[in-house]
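Peer 1: just coords:
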């Protein structure tokens, strides 16, 4: 299975340098839609519901302190993704790649997986509640089914 770093490097090879926050959101949406469209996770690392939206702590640890990131900031192998996974990530990049990190954060704040994981956490307060694969699959699967 690919790692979050493999996915991150794949995204960054396509987008060029972007903010760390935007990378986190693109990785999150790639994972969510992979669960729905491919019926499989892209990576095993957990996603948590932080104050600014979904974050993969392992990825955060690698870019902590950086505002903008590029592929050279991470040790990942984009070839670890199979063709179906690359296609899913490409759809996310094409759909969200032109959005700002704040726009993506705001979007995630309107969606149930993040809201439900943070239901007992005050706005702006730190939290480490996990956004489960089941929550992502249920929410985004319902959106996909309604399209």
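Peer 2: Great, that's in hand. Owing to the predicted nature of the structure, the values given are computational and were not obtained by experimental measurement.

Peer 1: quick one: the helices in this protein?
Peer 2: Along the chain, the segments classed as helices by DSSP state H run 4-15, 20-37, 57-63, 83-96, 101-109, 112-117, 133-146.

Peer 1: the longest one vs helix 101-109, what angle?
Peer 2: Pointing back at helix 20-37 there. 40 degrees (axes from the mean of the first three to the mean of the last three Cα atoms, to 10 degrees).

Peer 1: and the residue nearest the centre of the chain, how far is that from residue 143?
Peer 2: The centroid of the chain falls nearest to residue 28 when counting by Cα atoms, centre = their mean (1.4 Å). From residue 28 over to residue 143 the distance is 15 Å, taken as Cβ to Cβ, to the nearest Å. For the C-beta atoms, the positions are set from N, CA and C on the backbone; glycine is no exception.

Peer 1: burial count for residue 41?
Peer 2: Residue 41 has 17 neighbours, counted by other Cβ atoms under 10 Å.

Peer 1: cool, the one 10 residues further on as well?
Peer 2: Counted with other Cβ under 10 Å, the neighbours of residue 51 add up to 15.

Peer 1: give me the pLDDT for it.
Peer 2: At residue 51, the pLDDT value in this model is 94.

Peer 1: that one contacts residue 127, doesn't it?
Peer 2: Yes. When contacts are counted by Cβ atoms under 8 Å, residue 51 is listed as touching residue 127 (7.0 Å).

Peer 1: dump the residue contacts of residue 32.
Peer 2: The contact partners of residue 32, taken as Cβ atoms under 8 Å, 6 or more residues apart in numbering, are 113, 136, 137, 139, 140.

Peer 1: counting by contacts, list what the helix or strand bottoming out on mean pLDDT in the chain packs against.
Peer 2: When each helix and strand of the chain is scored by mean pLDDT, DSSP states H and E, helix 133-146 comes last, with a mean of 89. Applying 3 or more Cβ pairs under 8 Å, 6 or more residues apart in numbering; DSSP states H and E, one finds that helix 133-146 makes contact with helix 20-37, helix 112-117.
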